[in-house]
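Engineer: Build me a model:
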Amino acid sequence: MRRPRERAQLGQLAIGLLALPLSVAPFLAYGTFTPQGRLVRDRVRVALSPPHRPKLTESQQRAAAQAAPRYADRVMVLAYHGIGSGADGDGGGDERFAISPARFGEHLATLRAAGMHTVTAADVARAFGAGRHLPDNAVMITFDDGRADAMMWADPLLKEAGMKATMFVISSAAADPGIYYAGWDRLRAAARSERWDIQAHTHAAHREQDVPGRVDLPALTSLAPGESLEDYRRRVADDLEENSAAIFAHVGRRPVALAYPFGAYGADRTNDPGIRDVLRDEVARRFVLAFHQDDQATIPLVDTSQERVSLRRLEVENVSGLALLRLINRSAAPEPGQAPNGHPLAQSAPLVKSLPPIPFVKELRQDPVPIPPDRPAPAAPVLPGPSPAPGPAPVTESVPPVPAAPTTVTTTPAPVTPGPAPSPTTTRPPPTTSTTAKPTTTT
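Structural biologist: Below is the predicted model of the structure:
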């Protein structure tokens, strides 16, 4: 009787061993083939083994130094989208803008070897509003939406490289982050590290809305059914105020820059020709700077001669570090009417813009106040500052001249302890951050 029983036990053990891989298969599939699963998997990977900036060979360092752009008092603004371990080579659609952590680390290493200095949107705002000098060869690294994957992968690489970046945040998403977005605790900890500058990306306008007789249009640049232009002005003003107030309440600093959702600012993808002027006016009353991504083939360096609420960013694709330097050199090339060194000619007339005055100039002239470690009250107060106008009332504004010897913006981030753990997971996907149907306007 023992032999049949032993044979049965051995058979059950064999079946159990054979079934073990099958029981693991759903977890492997979840972590490989679903966006939620990949984020969970990547969080574990980053916690166990954070990414590291690659060490360039001597020949790579020499090549970066030889290809290094050279300019002063201007800044190259770079727009990154997704960062993830499986981002390279996935192919279609927006994936051309998603790069791997290794590629992002290569970019940082190459920029550092080329003598580039990172600045934030707040630094650039001080150049526009207070005449602060930017460091030579300044580059502004930006991310949109407040996405958790970008912060998770980029932060240890920025820390290791001694660089900093700007994150444009959707405040409604930060309040209900799920798995795709960073919550307010994580954003506040990131800002406290001084590696991250938290700026505005609207509260609830990062979406498209149904427009009768048209394809869906960005909510920020279109009238809703039955909405008048004055109703639109009030809606936009309320959304921008709520976005700014939430960032101020949770992070402790007033946002001074906006990235237009989907890169839409009213030049196209609109159903009313008056929207562009209304949006321009409302944005200029509340922010020093605003960015879009039109005409990627002709992106210039940003300087204070340009309209401050229509500045342009270069969308970074999956290219090598040296290729990125070549793109920056293309932007730094002298334009007609400029001296060979890239500076505007002395005889050029100052550009006059019919915009509301630059807001918060007094604050821009002061050094930023450190963010305390304790979290502020979650209630979003009403920010002091400009209120929406009942109608367009622009005034003439001249860009303030840059003084001869102002304070130079520092680029070395302060050390800090890591922020809190990410928020609980949900399955709500992030909004699309770039479009392919309109090649001139993305994000």
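Engineer: Where do the strands of the chain begin and end?
Structural biologist: 75-80, 117-119, 138-145, 165-169, 196-200, 208-209, 217-218, 257-259, 289-292, 311-312, 314-315, 352-354, 396-398 (DSSP state E).
Engineer: export these to TSV and tack on mean pLDDT?
Structural biologist: Shown next, in TSV, are the strands of the chain (pLDDT from 0 to 100):
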stretch	mean pLDDT
strand 75-80	97
strand 117-119	98
strand 138-145	97
strand 165-169	98
strand 196-200	98
strand 208-209	94
strand 217-218	96
strand 257-259	98
strand 289-292	98
strand 311-312	98
strand 314-315	96
strand 352-354	61
strand 396-398	41
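Engineer: what about those, which gets the closest to Thr298?
Structural biologist: For the strands of the chain, the distance to Thr298 is smallest for strand 311-312, at 8.6 Å, taking Cβ to Cβ. In short, each C-beta sits where N, CA and C put it, glycine included.
Engineer: who's in contact with the most centrally placed residue in the chain?
Structural biologist: Nearest to the mean C-alpha position of the chain, by Cα atoms, centre = their mean, lies Phe143 at 2.1 Å. Taking Cβ atoms under 8 Å, 6 or more residues apart in numbering, we find Phe143 in contact with 79-81, 150-151, 154, 165-168.
Engineer: Farthest-apart pair in those, please.
Structural biologist: Ala79 and Met151 (15.4 Å).
Engineer: Pick out whichever of those two has more residues nearby.
Structural biologist: Remark: of Ala79 and Met151, Ala79 carries more neighbours, 28 against 24, as counted by other Cβ atoms under 10 Å.
Engineer: Mind listing the residues bridging to that one?
Structural biologist: Here Ala79 sits in beta bridges with Thr142, Glu315, going by DSSP bridges.
Engineer: can the strands of the chain go into CSV with extra columns for distance to Arg235?
Structural biologist: Converted to CSV, these look like this (distance: least, Cβ to Cβ, whole Å):
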stretch, distance to Arg235
strand 75-80, 26
strand 117-119, 33
strand 138-145, 21
strand 165-169, 20
strand 196-200, 16
strand 208-209, 11
strand 217-218, 13
strand 257-259, 16
strand 289-292, 18
strand 311-312, 24
strand 314-315, 28
strand 352-354, 23
strand 396-398, 26
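Engineer: Which one of these lies nearest to Glu58?
Structural biologist: strand 117-119 (22.4 Å).
Engineer: Other residues contacting that closest one?
Structural biologist: With Cβ under 8 Å, 6+ apart, strand 117-119 has contacts from 75, 111, 134-141, 163-165, 409, 411.
Engineer: Relative to Pro50, which of the residues you listed is nearest.
Structural biologist: Taking Cβ to Cβ as the measure, Pro50 lies nearest Met163 of the contacts of strand 117-119, at 15.5 Å.
Engineer: partners of the closest residue to that closest one other than its chain neighbours in the sheet?
Structural biologist: Once flanking residues are discounted, Met163 sits nearest to Thr118: 4.2 Å by Cβ to Cβ, 6 or more residues apart in numbering. Taking DSSP bridges as the rule, Thr118 bridges to Val139.
Engineer: Just give me the neighbour total for Thr118.
Structural biologist: If we define neighbours as other Cβ under 10 Å, then Thr118 has 26 of them.
Engineer: Would you map the helices across the stretch 51-200 of the chain?
Structural biologist: 58-66, 101-113, 121-130, 148-161, 171-175, 184-192 (DSSP state H, counting those that start in this stretch).
Engineer: What residues sit buried inside the longest one?
Structural biologist: Going by neighbour count (16 or more other Cβ atoms under 10 Å), the buried part of helix 148-161 is 148-159, 161.
Engineer: now the shortest one
Structural biologist: Buried positions in helix 171-175, judged by neighbour count with 16+ other Cβ under 10 Å: 171-174.
Engineer: How about stretch 41-52?
Structural biologist: For stretch 41-52, by 16+ other Cβ under 10 Å, it's 41-43, 46, 50-51.
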